[in-house]
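**Student:** quick one, structure for this:
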Amino acid sequence: MAATGSEKQGTKAFYVSTPIYYVNDAPHLGHAYTTVAGDVLTRWHRQRGEKVWYLTGTDEHGQKIMRTAEANDVTPQAWCDKLVEEAWKPLWQHLNIANDDFIRTTQKRHTDRVQEFVQDLYDKDEIYKGGYEGPYCVGCEEFKLPGDLIEAEDGTKLCPVHKKPVEILKEENYFFKLSEYGPKLLEFYEANPGFIQPESARNEVVNFVKQGLEDLSISRSTFDWGIPVPWDSEHVIYVWIDALLNYATAVGYNENPEKFAETFPANVHLIGKDILRFHAVIWPAMLMAQGLPVPGRIAANGWLMVGGEKMSKSNLTGIKPQDLTSHFGVDAYRWYFLRAIAFGQDGSFSWEDFSARYTSELANDYGNLASRVAAMVGKYFGGELPAATADGDAEKAVHEGLAKAVAVADAKIGEELDFQGGILAIFDFVKQVNGYITEQEPWKVAKDESAEGQARLATILYTAAESLRAVAVLLNPIMPETSQSLWDSLGAEPTLGALATQPVQNAAQWGQLPAGATVTKGAILFPRLEDPKKD
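**Tutor:** Residues are numbered from 1 along each chain as shown. Reported below is the predicted structural model:
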């Protein structure tokens with residue numbers, strides 16, 4: 001997405017990242033949920049006129065990738081290349097993800113910098129050689145604590161995430177002195193209570209660190225698919241150390257000091273709650289050890305559930321986003337999950353709930369409003385937007401309702417990451433405008449051919465159209481395609497300029513849509529759903 005002229009050059013970018021995703025399989029709804037959330041957040045800040053950097057990418061090293069590649073009779077690199085180019089990148093393009101960069105951990109710009117980072121820690125005596133024996137989940141690529149495991153009926157110890165047996169590893173590895181950073185982390189959490197969100201996630205991390213941290217194994221020696229430890233080629237760097245460093249290597253760590261200074265650290269790391277400890281404990285400790293600034297916020301979203309189980313390929317509940325976009329459309333897809341699920345909490349997906357919300361809120365409330373207003377401007381004023389000359393209390397209420405919607409949405413989405421709350425504020429205003437039209441009955445007012453009657457009719461329709469102008473601006477970060485269609489139908493461009501340049505925080509400034517604009521009834525924004533059971 002191109003930078004707008006209103007961005008403040010030379011200032012630190014509002015930097016948002018997603019997790020980098022394992023390429024052991026194609027992406028599912030859970031991956032897309034986090035990535036769409038990041039896209040909405042960064043688009044919102046772009047429309048505030050801010051300089052923004054949005055990073056996503058893929059995690060391509062580790063034992064899980066190696067085994068998946070072997071099972072498919074290809075090299076790990078060939079497997080990663082295929083999945084990235086045929087599944088991951090095309091999906092982000094399909095979902096209108098406007099990322100500024102896509103980092104792959106097999107790229108030289110990453111691998112060289114990871115080796116330098118780890119070498120620096122080794123030279124600072126933050127890393128030592130030792131032995132490790134304990135449970136390891138290949139699916140999580142994580143060393144597990146005995147207390148983290150669950151027990152099967154036969155007594156087998158299972159990973160609580162994948163519900164599969166853990167492997168017992170016994171290796172001579174290199175260790176990072178994580179245990180020394182417990183007090184520093186607790187002090188940091190205390191001084192920065194908003195660092196980990198939601199509060200339940202923060203409490204989990206604080207309690208975990210208070211129990212005492214163990215030093216972290218940062219290398220593996222039983223396989224070779226990874227970045228070699230620079231001082232010992234018999235070892236590769238533990239995949240999670242490798243992966244976490246993408247947030248630094250992608251923005252110029254040890255390579256482009258100017259870009260690094262203007263971007264790092266991230267303002268927001270969006271993650272799944274199952275990788276919370278890596279990001280809220282290990283990552284800040286690594287940065288502290290290196291003397292680098294800590295991220296602004298670690299925001300953990302909940303799990304998407306299907307049938308009471310976390311959505312995942314291993315649980316056989318992975319659903320392809322294309323299964324839904326082919327039926328509901330891309331914009332509705334982007335809207336639904338942020339509307340239906342409070343960010344930070346678990347949420348259940350069902351086809352029936354998506355269909356009901358689509359029909360009620362998108363098609364009936366929003367889409368029908370846009371169609372009615374365009375049709376009435378066309379019918380009564382030949383498609384030329386009239387001027388409002390007879391404002392009264394009803395219009396004042398609409399102005400106030402819009403001001404409230406903008407203020408709430410800007411705070412909820414832009415600051416609090418409460419996407420659901422922001423979307424609800426916008427759609428409460430949509431409902432208010434629908435109610436305004438119902439109460440004012442422009443179809444009846446149109447029968448009054450007096451100057452007063454026509455002025456009143458013009459005011460009603462201008463008020464409705466100007467309201468839609470603001471709604472298009474507010475919903476553009478969430479539903480860019482339909483917002484652009486509405487923008488075009490209102491005749492807003494070129495008079496007001498491109499939709500993406502419209503500041504969301506200024507959307508409530510009344511009277512931006514000029515009288516005389518050509519209003520056209522375009523395609524239906526949210527068509528009636530076809531029965532998915534029909535061929």
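
**Student:** could you list the low-confidence segments of this structure?
**Tutor:** Residue ranges of the chain with pLDDT under 70: 1-10, 162, 307-318, 532-535.

**Student:** longest helix of it?
**Tutor:** Of all the segments of type helix in the chain, defined by DSSP state H, the longest one is helix 451-475.

**Student:** after that helix, next one along is what?
**Tutor:** Reading on from helix 451-475 to the C-terminus, the next helix or strand found by DSSP states H and E is helix 480-489.

**Student:** who's in contact with that following helix?
**Tutor:** Outside helix 480-489, the residues that touch it by Cβ atoms under 8 Å, 6 or more residues apart in numbering are 43, 96, 330-331, 370, 374, 468-469, 471-473, 475-476, 493, 499-500, 519-523, 525-526. All C-beta atoms are positioned from the backbone trio N, CA, C, and that covers glycine.

**Student:** now with 7 Å, please.
**Tutor:** Taking contacts as Cβ atoms under 7 Å, 6 or more residues apart in numbering, the residues outside helix 480-489 that touch it are 96, 330-331, 370, 374, 468, 472, 475-476, 493, 499, 519-523, 525.

**Student:** same check on stretch 380-398?
**Tutor:** Outside stretch 380-398, the residues that touch it by Cβ under 7 Å, 6+ apart are 377, 432-433, 436, 439-440, 446, 455-459, 461-463, 465, 467, 491, 513, 515-520.

**Student:** run the last query once more with 8 Å
**Tutor:** Against stretch 380-398 from outside (Cβ under 8 Å, 6+ apart): 377, 432-433, 436, 439-440, 442, 446, 452, 455-459, 461-463, 465-467, 490-491, 513-520.

**Student:** ends of that stretch, how far apart?
**Tutor:** 22 Å (Cα to Cα, to the nearest Å).

**Student:** which parts of it are buried?
**Tutor:** Y380, F381, L385, P386, A388, A390, E395, V398 (16 or more other Cβ atoms under 10 Å).

**Student:** and the helices in the stretch 101-250 of the chain?
**Tutor:** If DSSP state H, counting those that start in this stretch is used as the criterion, the helices of the stretch 101-250 of the chain fall at 108-123, 182-191, 199-210, 239-244, 246-249.

**Student:** distance to Y54 and mean neighbour count added to those, as CSV?
**Tutor:** Converted to CSV, those look like this (distance: least, Cβ to Cβ, whole Å; neighbours: other Cβ atoms under 10 Å):
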stretch, distance to Y54, mean neighbour count
helix 108-123, 17, 18
helix 182-191, 26, 14
helix 199-210, 22, 16
helix 239-244, 18, 25
helix 246-249, 12, 24
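
**Student:** of all those helices, which one is nearest I282?
**Tutor:** helix 239-244 (6.7 Å; Cβ to Cβ).

**Student:** quick one: contacts of that closest one?
**Tutor:** By Cβ under 8 Å, 6+ apart, the surrounding residues in contact with helix 239-244 are 20, 59, 61-63, 105, 114, 118, 141-142, 176, 218, 220, 226-227, 278-279, 282-283, 286.

**Student:** contacting residues around P135?
**Tutor:** So P135 contacts F143, K144, P146, L149, K157, V166, E167, I168, L169 (Cβ under 8 Å, 6+ apart).

**Student:** what distance do you get for the first one to Q63?
**Tutor:** What it means is F143. As defined by Cβ to Cβ, to the nearest Å, F143 lies at a distance of 12 Å from Q63.

**Student:** what of the third one?
**Tutor:** According to Cβ to Cβ, P146 stands 21 Å off from Q63.

**Student:** quick one, which of those two is more surrounded?
**Tutor:** Q63 (19 against 9; other Cβ atoms under 10 Å).

**Student:** correct me, but the more buried one touches C137?
**Tutor:** No: contact criterion Cβ atoms under 8 Å: Q63 and C137 do not qualify, at 10.2 Å.

**Student:** quick one: buried residues of the longest helix of the chain?
**Tutor:** 454-475.

**Student:** try stretch 479-486
**Tutor:** Buried residues in stretch 479-486 (16+ other Cβ under 10 Å): M479, P480, T482, S483, Q484, S485, L486.

**Student:** starting at the chain centroid, how far to it?
**Tutor:** In this view, stretch 479-486 has its centroid 19 Å away from the chain centroid, taken as Cα atoms, centre = their mean, to the nearest Å.

**Student:** with just CA atoms, put it into CSV.
**Tutor:** What follows is stretch 479-486, C-alpha atoms only, in CSV (Å, rounded to 0.1, in the frame of the first residue of the first chain):
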residue,chain,number,x,y,z
MET,A,479,-13.8,-3.3,4.1
PRO,A,480,-11.7,-1.5,1.4
GLU,A,481,-13.4,-2.8,-1.7
THR,A,482,-17.0,-2.0,-0.7
SER,A,483,-16.0,1.3,0.9
GLN,A,484,-14.4,2.3,-2.4
SER,A,485,-17.6,1.3,-4.3
LEU,A,486,-19.7,3.5,-1.9
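
**Student:** L457 is in contact with I437, correct?
**Tutor:** No: the pair I437 and L457 does not pass the contact test of Cβ under 8 Å, sitting 11.7 Å apart.
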